[in-house]
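*Asks:* fold the stuff below for me.
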Amino acid sequence: MSLPRIASAAPLLAACLLLPSLATAGSGMQFSLGTSLKSTTWSGENPGSGGRFEAQAPMLSLEARLQRGRWFGGLTLSGGEFEFADTSPARPTGPALPATQSVTVSRGETDLVAGYRIRERIALFADIKSVANTWSDNYKMEYAGLGIGISGFLPLGSRWLIFGNLGFVSMDIKVQRSSIGNAKRSALNMGVSYRIADAFNVSLAINSQSQINTYRDGSEQTHELGSLALGINATF
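*Replies:* As a prediction, the model looks like this:
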């Protein structure tokens, strides 16, 4: 497979260089790096009689996270390429694609998260999220917005951990820097992790996302993403 196009990797690389030194210098600070490979299905319904689209692809995610006391923050970058064999996601502007043409769409997601643990095992967080979908002819749809969510975990013995989070985000949709509508998304993530060493954990998680795009002309388009992710995390 081709390498996933992970948008704007520079901020994460900078975090990888800067945050370990901050974690060492700051009392009570903890820094972690993680990566996961997700088997992802992207499907949905196009406006009107545009039909249903569906494709499967691997997505790679990279994450940097910093925690101090009850406060935490993190940056996650994800990317992958989806090939739609028959029907692809309809484009609300620009030239329409033939209904039977194979279409490749590169998808990149960036999440900047900040949160606070209100209880020992429960936290609230805010998420600045951006998504870029780029077709093979360089047509691009961009989403950006602010979301909120809740996360929690439950230890099972000394090495096992169950975790999960639920989030909601409202995003503006743009094409060529012009707003064409808005999107509302909900996401649920649940999984289990196992500590293989003092500083290393492996995890297996499922993720479900549901999104509704409402365009300026009143038409709607739905998107669903479902993933099974295998990840590894190192804490410093």
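*Asks:* contacts for stretch 165-184?
*Replies:* Residues from elsewhere that reach stretch 165-184 (C-beta atoms under 8 Å, 6 or more residues apart in numbering): 92-94, 125, 127, 129, 131, 139-152, 185-189, 211-216. (C-beta placed from N, C-alpha, C; glycine too.)
*Asks:* buried ones among these?
*Replies:* The neighbour-count test (16 or more other C-beta atoms under 10 Å) applied to the contacts of stretch 165-184 identifies 92, 125, 127, 129, 131, 139-145, 147, 149, 151, 185, 187, 189, 211, 213, 215 as buried.
*Asks:* in strands, which of the contacts of stretch 165-184 fall?
*Replies:* With DSSP state E as the criterion, strands contain 125, 127, 129, 131, 140-152, 185-189, 211-215 from among these.
*Asks:* report the buried residues of stretch 45-65.
*Replies:* Under 16+ other C-beta under 10 Å, the buried positions of stretch 45-65 are 45-47, 50, 53, 55, 57, 59-65.
*Asks:* closest one to residue 88 out of those residues, please.
*Replies:* Out of the buried residues of stretch 45-65, the one with the shortest distance to residue 88 is residue 53. That distance is 5.4 Å, counting by C-beta to C-beta.
*Asks:* bridged to that closest one, which residues?
*Replies:* For residue 53, the residues forming beta bridges with it (DSSP bridges) are residue 44.
*Asks:* kindly report the same for the one 4 residues further on.
*Replies:* Note on residue 57: beta-bridge partners by DSSP bridges are residue 40.
*Asks:* could you do residue 162 as well?
*Replies:* Taking DSSP bridges, one obtains residue 154, residue 192 as the residues bridged to residue 162.
*Asks:* and residue 231, by the same measure?
*Replies:* In this structure, residue 231 has the following beta-bridge partners (DSSP bridges): residue 36, residue 203.
*Asks:* how about the helices in this protein?
*Replies:* If you assign secondary structure with DSSP state H, the helices in the chain sit at 10-25.
*Asks:* residue ranges with poor pLDDT in it?
*Replies:* Applying pLDDT under 70 to the chain picks out residues 1-27, 98-100.
*Asks:* count the neighbours of residue 102 for me.
*Replies:* By other C-beta atoms under 10 Å, 12 other residues sit near residue 102.
*Asks:* got a list of what it touches?
*Replies:* 83-86.
*Asks:* how close does it sit to residue 47?
*Replies:* Distance from residue 102 to residue 47, counting by C-beta to C-beta, to the nearest Å: 21 Å.
*Asks:* and what of residue 70?
*Replies:* With distances taken as C-beta to C-beta, residue 70 is found 44 Å from residue 47.
*Asks:* got it, and residue 151?
*Replies:* On the measure of C-beta to C-beta, residue 151 and residue 47 end up 34 Å apart.
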